[in-house]
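[1] With the input below, show me the fold.
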Amino acid sequence: MKLGNLLEHLLTLERSLGADLRTASERHAGDHDVYHQCRVFARSADARAERLEPLAQLHEGSDEWKSPIVEGSDDLLEELRALALRLRGVVLTWTMAEQAAKALRDPELLACASESVSDAANEADWFLTRIKTAAPQALTIE
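    The predicted structure follows:
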């Protein structure tokens, strides 16, 4: 595994996450908090990808990593779960990039990765909180 491959994978993850978040926002437009947070988080994923792109080009690689693809759903709870899992995958992958940046003593990559880990973790935490509020009613009321 080379750093370039990891960074290319991160670009793929962030770009697909942004698209998935936009799709989820439209699918659940009636849940205003989900709609707006998904739109905000999509812009955040796009910004992380944009910031990462020049760094990924410095460490040439290809996206050889495989990710479990979690599909969205018309069911709000399933959608929230899928997006939370996608974001946790992004956090884990950014953490790997952060550790590599520390080992390489690459301050630009370290700053990008550290900020991105924090942003994505906060976004994943929002989904967890939203799941906690939606699950009781969604799973117990028939």
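
[2] use CA for all of it now, contacts and neighbours both
    Will do.

[3] What residues sit buried inside stretch 42-59?
    Of all the residues in stretch 42-59, those buried under the rule 16 or more other C-alpha atoms under 10 Å are 42, 43, 44, 45, 46, 47, 48, 49, 51, 52, 55, 56.

[4] got the contact list for the spatially most central residue of the chain?
    Residue closest to the average C-alpha location in the chain (C-alpha atoms, centre = their mean): residue 87, at 3.5 Å. Contact analysis of residue 87 by C-alpha atoms under 8 Å, 6 or more residues apart in numbering lists 17, 120, 121, 123, 124.

[5] change it to 6 Å
    Residue 87 sits next to residue 124 when contact means C-alpha atoms under 6 Å, 6 or more residues apart in numbering.

[6] after the helix or strand bottoming out on mean pLDDT in the chain, next one along is what?
    Least confident element among the helices and strands of the chain, by mean pLDDT, DSSP states H and E: helix 3-27 (a mean of 87). Counting by DSSP states H and E, the next helix or strand C-terminal to helix 3-27 is helix 32-58.

[7] So which elements touch that next one?
    Secondary-structure packing of helix 32-58 (3 or more C-alpha pairs under 6 Å, 6 or more residues apart in numbering; DSSP states H and E): helix 3-27.

[8] picking up where we left off before, which of the buried residues of stretch 42-59 lies closest to residue 105?
    Nearest to residue 105 among the buried residues of stretch 42-59 is residue 55, at 13.8 Å by C-alpha to C-alpha.

[9] so where is the chain shaky, pLDDT-wise?
    Across the chain, the ranges flagged by pLDDT under 70 are 1, 61-74, 142.

[10] Now the helix of greatest length in it: buried residues?
    If you go by DSSP state H, the chain has its longest helix at helix 107-140. By neighbour count on 16+ other C-alpha under 10 Å, the buried set for helix 107-140 is 109-110, 112-114, 116-117, 119-121, 123-124, 126-128, 130-131.

[11] still on that earlier bit, mind checking how far the least confident helix or strand of the chain is from the chain centre?
    6 Å (C-alpha atoms, centre = their mean, to the nearest Å).

[12] With stretch 26-33 instead?
    That offset, for stretch 26-33, works out to 19 Å (C-alpha atoms, centre = their mean).
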